[in-house]
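A.B. asks: Below are the sequence and a predicted model for it; my questions follow.
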Amino acid sequence: MVKVYIIREGYAESLRADDDLIGFKEYVEEGVYWQSYEFSNPTAAGDFCTGVCSGYSDERAPMGFLILRDDIEDDIPYIQTLIDA
């Protein structure tokens, strides 16, 4: 199983891009709306993320939301922070 977490706020994306776990923790403790989705395998999770990101052709430009996956090791601390908040 792969879980995907989405926060539809650009500030969360910038905190993750800056690898600012402390700032992210403070941010989510203030209260942030997030959604999670569960998939049976990494391919299905990847297809979902591709669909969410469709329309964002310039990968250097911010998308305005954050996607975290529990099968990506660098995302785990952010996911745990999100769940614990």
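C.D. replies: All right, it came through fine. Predicted model only: the values in this text are computed from it and were never measured. Residues are numbered from 1 along each chain as shown.
A.B. asks: element containing residue 6?
C.D. replies: Using DSSP states H and E, residue 6 sits within strand 2-7.
A.B. asks: Enumerate the positions of that strand that are buried.
C.D. replies: Buried residues in strand 2-7, counted by 16 or more other Cβ atoms under 10 Å: 2, 4, 5, 6, 7. C-betas here are computed from N, CA, C, even on glycine.
A.B. asks: which non-adjacent residue is nearest the second one?
C.D. replies: Once its chain neighbours are removed from consideration, residue 4 has its nearest residue in residue 37; the separation is 4.8 Å (Cβ to Cβ, 6 or more residues apart in numbering).
A.B. asks: Can you tell me the SS state at that neighbour?
C.D. replies: At residue 37 the chain is in strand, as set by DSSP: H, G, I helix; E, B strand; the rest coil.
A.B. asks: Please verify my assumption that it contacts residue 2.
C.D. replies: No - taking contacts as Cβ atoms under 8 Å, residue 37 lies outside contact range of residue 2: 9.1 Å.
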